[in-house]
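*Asks:* what follows is a predicted protein model with its sequence.
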Amino acid sequence: MEIEKKYLIKKLPDTLNDNKRYVIEQAYLSDAPVVRVRKRVSPEKCEYFMTVKSTGMFAREEVESDISEKTYNVFLQEAKGNVITKERYILPLEKGLKAELDVFKGVFEGVIMVEVEFPDEEAAKKFTPPDFFSDEVTFDKRFHNSNMSKMSKDDINELICFVKKKQP
C-alpha cells in the first residue's frame, strides 16, 4: 500500500545538493490501472522498473518490478503522452520519514513538488510539513504524474504558471 501526500514548495532547501539524487525518466502505458515504466539513474547505477498502481489519490495499492533495459525501451516506445523527466532528491525528515523532492525537466520545466510516503494513514494525518513546503496538492489531479503525462501544451503551461505563482 502506498500512502503519500504531495506538496508544492516555497523554495528549494539550501542543503538540496547534500542529499541523494536520481535522474528519472518515466512514461505511462495505461491510466486505469496506472501502468508506468521508469528509468532511474544515480551515480552508482541505472535501474529500470514497471509499476502498476490502483486508483486513488492518497492511498492505493502499488506493485513495482525490476525490468531490463531492453524491456524498458520496448515499453517506452508504446507509451502514451508526455514522457516525464525529473531530478529527484531524497531529503530526510523527522520521525524517520523522507521527502522525495522532484525538480521537473523538459516540457514540465518549472514544476517542483515534493512527496512524502507514510507507513499508515494515521501518520499521514499527524504530519506537519517542514517550513519549505507550501500548498498541499495531494487531491489535485493535475499533480499526479499519470495525469501530467496526458496534458496538452496549454495544460502544461497553465500548470507551470500555477506553480510559479505559489513560489515567492
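*Replies:* Good, I have the coordinates. Numbers count the residues shown, from 1 in each chain.
*Asks:* does residue 99 sit in a helix or strand, and which one?
*Replies:* Element membership for residue 99, per DSSP states H and E: strand 98-104.
*Asks:* same thing with residue 36?
*Replies:* Residue 36 belongs to strand 34-41 when assigned by DSSP H and E.
*Asks:* can I get whichever helix or strand comes after the strand holding residue 99 in PDB, CA atoms only?
*Replies:* Later in the chain than strand 98-104, the nearest helix or strand by DSSP H and E is strand 112-117. What follows is strand 112-117, C-alpha atoms only, in PDB (Å, rounded to 0.1, in the frame of the first residue of the first chain):
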ATOM      1  CA  ILE A 112       8.700  21.500  -8.500                       C
ATOM      2  CA  MET A 113       6.900  19.400  -5.900                       C
ATOM      3  CA  VAL A 114       7.600  17.100  -3.100                       C
ATOM      4  CA  GLU A 115       6.000  13.800  -2.000                       C
ATOM      5  CA  VAL A 116       6.100  12.200   1.500                       C
ATOM      6  CA  GLU A 117       5.200   8.500   1.900                       C
END
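*Asks:* tell me the angle strand 112-117 makes with strand 98-104.
*Replies:* For strand 112-117 against strand 98-104, the angle between stretch directions is 150 degrees (axes from the mean of the first three to the mean of the last three C-alpha atoms, to 10 degrees).
*Asks:* what does the lowest-mean-pLDDT helix or strand in the chain rub up against?
*Replies:* Every helix and strand in the chain was compared by mean pLDDT, DSSP states H and E; the lowest is strand 59-60, with a mean of 76. Here strand 59-60 makes contact (C-beta atoms under 8 Å, 6 or more residues apart in numbering) with 1, 2, 3, 53, 54, 121. Backbone N, C-alpha and C define where each C-beta goes, glycine included.
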